[in-house]
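Enquirer: 3D model of this:
(2 chains)
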Amino acid sequence: MPVNFRWNDYSLTDEQRDLATMLGGFFRDVAPVEVVRAAEPLGYDDDLWKRTIGAGIPRLALPDSAGGDGAGLIELALAAAEAGRTLAPIPFVDASAATRLLAMAGPDHADLPAAVEGSLVCSLAPLSGRRGGPQLTPSGAVAGRVLLLLNGDLVLLSRDAPPAHAANQGSAPLAWWDPADPDTRSEVLATGPRARTFWDHAVGEWQIATAAALGGLAGEACRLTRTYALQRYSFGVPIASHQAVSHTLVDMHMAAQTTRNLALKAAWYSDNEPATRPELPAMALADACRTALRNTERAVHLHGGFGITSEADISLYHRRAAVWGQLGGGSTVHLQTIAAAVDRLLAAGHAD
Amino acid sequence: MDFSRVRLTAEQEAFEAEVRGVLEKHWTPDPNAISLDHDRPSTELIGELVARGWVHPREPKDRGGADLGPVEARVLELLLEEYHVPPYTNELVLPTLRKYGSDRLKSEVLPDLESGRTSFCLGYTEPDSGSDMASVRTHAVRQGDDWVINGSKMFTTWAHQSDFVFLLTRTGPVENKHRNLTVFLVPMHTEGVEVGPIYGMGDERTNVTYYRDVRVPDYLRLGAIDAGWQVVSEPLAAEHGLSDLDALADYNGSLGASNVRVLEHLLLRTAQWAAATADEDGRPLIEDRNVRRQLATMLLDIEVNRNTPSQFGKVRGSETLALHADAIADLTAPVGVLHSEAPGSVASGLIGWARLFAPGTAIYGGTTEIYRNNIARADLGLPRAR
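Expert: Numbering: from 1, shown residues only, chains lettered A, B, ... in the order given. This next block holds a predicted model:
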C-alpha cells in the first residue's frame, strides 16, 4: 500500500489572525465581568446582543446568499473562542449554528433574513436526534425559533414568546421547548435521509463551535489563575514559584491550547472533508468538556478560599463549564460516536 | 490551516518506490518491535542510508544529506516507520559541532557524523546527577595538549553502538555549578572507556559508562573551557522540541510521537482481541458498552495527543501511554499481562510490555517535571520553580 499522509498545518491566515484579535478586543470591551454578572441569572444581555449585531458579528459565519459574510466554520470557531473567553451573555454560538442550518435547509425561508441579522434568535436542540419529547434547549429562553429533529424530520419550531427560563448553575438562557406545546408551532423543513444529513452536519458544527467557546473559557480560567498566582504570596514567595502550582498551570495552559487546536482541526474537516473523520466534532466537544471542567476546578482550587466564593470571578467560569459543555449530552453520548470510529479502524486495520 | 491529503508527484512516487526497494533488500522488519527508541538499524542498513544521504535527508549534499524536500523527507520517515526501522540520527549535536567545534574537529570528525557513517551517544546523566544536570562530577583535567577524564555516566543509551560520546564534564570545583563545565566529543574506542549494559523493565537496553584516565586531545573540546553549560543548552532545547507544530510533522512533532504510535498499535490490537473474544453469552466483547467506552476513550486521547503543542507532546505522550497501558491491561484481564510465548497471550504480550515500558518514557530525554518547569517559564513567564 502506498504511503498515505496529510498536511498537519494549524497556521491561520493573516485575515483569520486579525479577525481573532479584533473580536478578542471587541468582547473584552463590551463584555467585562460586570456585564456578565449583571446578566445573571438569565444569562442574556439584550443591549450587548444589539451591540454585537451592530458590529455585524452574528452574520459573520452565515452564507453570502442569505446576507451573511460567508465565513466558514474556522472563523466561527475563532469568534466563539473569543466570546467564550469573556463569558459574553449572548446567544452567538447557538444562533450561528442554527441559522447556518436554516440557511441550508430553507434558503428561501421567510424567517431567514431576521435570523441572519440577529433580531430573531434561532437555536437548535442538539439532543433531539437521540431523545424525543421536550428538549432542554441552549439559548432556548431567548429564542423565537428552534430547529430540531422530530421523528426523522427536520422541524422548525416557532413561538411568539420563548418558554420560561430553566434555572441552572451556569446562568445559561436554557428553556424547555416542547413540540407538543399548543403555543408552539412547527414546520417541516426536510424529511428522510436529507433531514438526517442536514441535522448531523449542523449538530457537528454546533459541537465544534461549542468546543471552541469552551476552549476560550478554559484558556481564560488559566490566564486569571496565572495572574492570581503571581500576585498571591505564601511562604515569602509568589505561589506561582511552587511547582505544585506552576505545574498545574502548565497542564491547564496546554489543555486549553490543545482544545483550541482540536476544535480548529475539526472545523477544517467539517468545512472541507466532512465525511472523512465524522467523529471529530464529538471528539472536539468531549475534549473541550473535560478540559473546561478540569481547568475550572483547578483554577478554583489555586485561588484558595477566595476561589469558592461567589464574589470571585473564577466562580463564574466554574459554574458555566459544566452547563455549556453538557447541553449536547455527556461523555457517554460522545464516546458512542467515537466508538464507531474504532469500528472503522478495525475494519481497515492490518496490525494483526 | 490545511489537513488535506498530500498528493505525490510522479517523481515523489518514484522516490517512494526507491526507498521501498532499499528497505525490502536490506532490512527485515519485526512487526512486534513497536518502540524502537533504544535500538539502532543494522550496520548493513546504516551503510545503505549513509550512501544515499538518508540519515539527515533534509541536509544539503555537501553536508552528507540528500537535499530532500519536506514531502520526500516525510515519505522516507513514514517508510522507515512502516518497516519498523529504529531511529538513527546525529541531528541533535550537529549544529553544536558546527558552531563550537575546532577546525580540526570540523575537518576530521564532523563529515562522518553529518553523513551518519559515525554516531554519538549523550553523556549527561550520572549516578548522582540527573535532572540537576549541572551538578555532574565526571571531571576533566588539563595535561599538556590533552585532557584526562575520570568519572561515570548513566543511561548512555546506544553507547555500545556509538563512535563518540558527547560528554559533559566538570573542569573546576563542583560548587561553581554552571560556571566550570566543559564538553568533549570523546571517541568511544579511547583507552579507559568502558561500557556496561543496563536493561529496563520493558527490555530496553541502555548502559552505564565508566571513564578511567581517558586521555582526550584538546581539539575534541567543544566551546570554551568552562563554557559547557552554554554548549549543552542548545541541544537540550532541540531535545525538548521547542518548536511550533510543523506543517508535515509526525503527530505533534515531539518526542512523544513514538508513544502515540505505540498507543495506536495497541488500540488496534486490543480492538482485534475484543472482536475475536466472546462474553458469557457468546457475544463479541467489541459490542459490549463498557469495552466500547474504554476503546473510544483511548482513541479520543490519541487524537488529543495529536493536537497537543509540541513542547508538551512528550509529557502528554508518556502520561497517556501509562494511563492506557494500564487501562487495556485491565480490559483484557487477566491475559493482558502474559508474555507472548505463554498460551492465551494477547497482542503478542505487548499490552503488558507497554505497562513496563511506559514509566521510562516519562524520564529519559528529560523528566516530565523538567519539561513542566521549562514550559512554566517559557510559555507562562512564571518564576523559576524547584
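Enquirer: When you work out contacts or count neighbours from here on, use the C-alpha atoms and nothing else.
Expert: Will do.
Enquirer: Then A:Ser186 would be within a strand, right?
Expert: Yes - counting by DSSP: H, G, I helix; E, B strand; the rest coil, A:Ser186 is part of a strand.
Enquirer: which residues touch it?
Expert: Counting by CA atoms under 8 Å, 6 or more residues apart in numbering or on different chains, A:Ser186 touches A:155-158, A:179.
Enquirer: partner residues bridging it?
Expert: When assigned by DSSP bridges, A:Ser186 has beta-bridge partners A:Leu157.
Enquirer: you'd agree A:Ala256 is up against A:Ala221?
Expert: No - judged on CA atoms under 8 Å, A:Ala256 makes no contact with A:Ala221 at a distance of 9.4 Å.
Enquirer: Where does pLDDT dip in the chain?
Expert: Using chain A. The model of chain A has pLDDT under 70 over residues A:350-352.
Enquirer: Switch to chain B, please.
Expert: For chain B (pLDDT under 70), the answer is B:235-246, B:250-251.
Enquirer: Burial check on A:Thr99, number of neighbours?
Expert: 34 (other CA atoms under 10 Å in any protein chain shown).
Enquirer: With just CA atoms, put stretch A:14-25 into PDB.
Expert: Extracted in PDB, the C-alpha atoms of stretch A:14-25 (Å, rounded to 0.1, in the frame of the first residue of the first chain):
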ATOM      1  CA  ASP A  14      -3.400  36.900   8.400                       C
ATOM      2  CA  GLU A  15      -7.100  37.600   7.900                       C
ATOM      3  CA  GLN A  16      -8.000  34.900  10.400                       C
ATOM      4  CA  ARG A  17      -5.500  36.100  12.900                       C
ATOM      5  CA  ASP A  18      -6.700  39.700  12.500                       C
ATOM      6  CA  LEU A  19     -10.300  38.600  13.000                       C
ATOM      7  CA  ALA A  20      -9.500  36.800  16.200                       C
ATOM      8  CA  THR A  21      -7.600  39.800  17.500                       C
ATOM      9  CA  MET A  22     -10.400  42.200  16.600                       C
ATOM     10  CA  LEU A  23     -13.100  40.000  18.200                       C
ATOM     11  CA  GLY A  24     -11.000  39.500  21.300                       C
ATOM     12  CA  GLY A  25     -10.700  43.300  21.700                       C
END
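Enquirer: OK, contacts around residue 42?
Expert: No chain in the question, so chain A it is. A:165, A:167, A:171-173.
Enquirer: wrong one, I was asking about chain B
Expert: B:Trp27.
Enquirer: what does B:Ile363 give?
Expert: B:Ile363 neighbours (CA under 8 Å, 6+ apart): none.
Enquirer: May I ask you to confirm that B:Leu23 is in contact with B:Tyr83?
Expert: Yes - B:Leu23 is in contact with B:Tyr83 according to CA under 8 Å; the separation is 7.4 Å.
Enquirer: Torsion angles phi and psi at the nearest residue to B:Pro41 once chain neighbours are set aside?
Expert: Computed as CA to CA, 6 or more residues apart in numbering or on different chains, the closest residue to B:Pro41 that is not its neighbour in sequence is B:Pro86, at 5.6 Å. Here is the backbone geometry of B:Pro86 (degrees, to the nearest 10): phi -60, psi 150.
Enquirer: just A:Ala299 next, same as before
Expert: Torsion angles, degrees, to the nearest 10, at A:Ala299: phi -60, psi -50.
Enquirer: what's the neighbour count on it?
Expert: 28.
Enquirer: Would you mind listing what in the stretch 201-350 of chain A touches chain B?
Expert: A:226, A:230, A:240-243, A:246-247, A:249-250, A:254-255, A:257-259, A:261-262, A:265, A:268-269, A:283, A:287, A:332, A:335-336, A:338-339, A:341-342, A:345-346, A:349 (CA under 8 Å from any CA of the partner chain).
Enquirer: For the nearest residue to B:Leu94 once chain neighbours are set aside, give me its contacts.
Expert: Computed as CA to CA, 6+ apart, the closest residue to B:Leu94 that is not its neighbour in sequence is B:Glu114, at 7.0 Å. B:Glu114 makes contacts with B:56, B:63-65, B:90, B:94, as judged by CA under 8 Å, 6+ apart.
Enquirer: so B:Glu114, which of the three states?
Expert: Reduced to three states by three-state DSSP, B:Glu114 is helix.
Enquirer: Thanks a lot, see you next time.
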